[in-house]
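A.B. asks: quick one, what's the 3D model for this:
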Amino acid sequence: MKLSIIIPSFNEAATLAQAIKRVKQVKLSNIIKEIIVVDDGSTDGTRKNLTKITGITKIILPKNQGKGAAIRHGLTKAAGDYVLIQDADLEYDPEDIPALLEPILTGKARVVYGGADFDRQSQGGLRFPLYWSSQKHALLAHGG
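C.D. replies: Just a heads-up that it's a prediction; the model follows:
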């Protein structure tokens, strides 16, 4: 299985490199990770920092078009069986990715959605407890 991880980024010079490093470090058995970073017209040095990072696909947008547009651009390059969105500001911990994939890998769901308004304590420590099992491929939303 291949997992495409799209990281939309706008003016995230302070956190982007760390976010990519942490996503790369996540251990996923029998899953190939493809990391796609979309710089959405950053003006704070994010682009310069991005040029130093290897082992990822980079999409550079000339001007800010918004997070949705950045994700759509990332989807054009995604070759995975599944797609996950990871925010560049590390609001969500990449270490949660295996738990997010669990409903997919165990056949409980084909789609997993999440959001920022879920209470970590009441949902077993996860911010993304909802899943839906009627789709062919999944969009795993790891971020709000």
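
A.B. asks: please count neighbours and contacts with C-alpha atoms only from this point.
C.D. replies: Fine.

A.B. asks: quick one: I60 is in a helix?
C.D. replies: No: secondary structure of I60 (DSSP: H, G, I helix; E, B strand; the rest coil): strand, not part of a helix.

A.B. asks: let me see the contact set for it.
C.D. replies: 38-41, 47 (Cα atoms under 8 Å, 6 or more residues apart in numbering).

A.B. asks: which secondary structure element of the protein has the lowest mean pLDDT?
C.D. replies: strand 130-132 (a mean of 43; mean pLDDT, DSSP states H and E).

A.B. asks: can you list the low-confidence ranges for the chain?
C.D. replies: The model of the chain has pLDDT under 70 over residues 114-144.

A.B. asks: turn the contacts of I60 into TSV, columns for neighbour count, secondary structure and distance to G66.
C.D. replies: TSV is the format used below for the contacts of I60 (neighbours: other Cα atoms under 10 Å; DSSP: H, G, I helix; E, B strand; the rest coil; distance: Cα to Cα, whole Å):
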residue	neighbour count	secondary structure	distance to G66
V38	27	strand	11
D39	27	strand	10
D40	25	strand	7
G41	19	coil	9
R47	22	helix	16
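
A.B. asks: in TSV: these, plus distance to T106.
C.D. replies: Shown next, in TSV, are the contacts of I60 (distance: Cα to Cα, whole Å):
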residue	distance to T106
V38	30
D39	33
D40	35
G41	38
R47	38
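
A.B. asks: end to end on stretch 52-63, go ahead and measure it.
C.D. replies: Length of stretch 52-63, first residue to last, Cα to Cα, to the nearest Å: 21 Å.

A.B. asks: next, the buried residues of it.
C.D. replies: Neighbour-count burial for stretch 52-63 flags 58-60 (criterion: 16 or more other Cα atoms under 10 Å).
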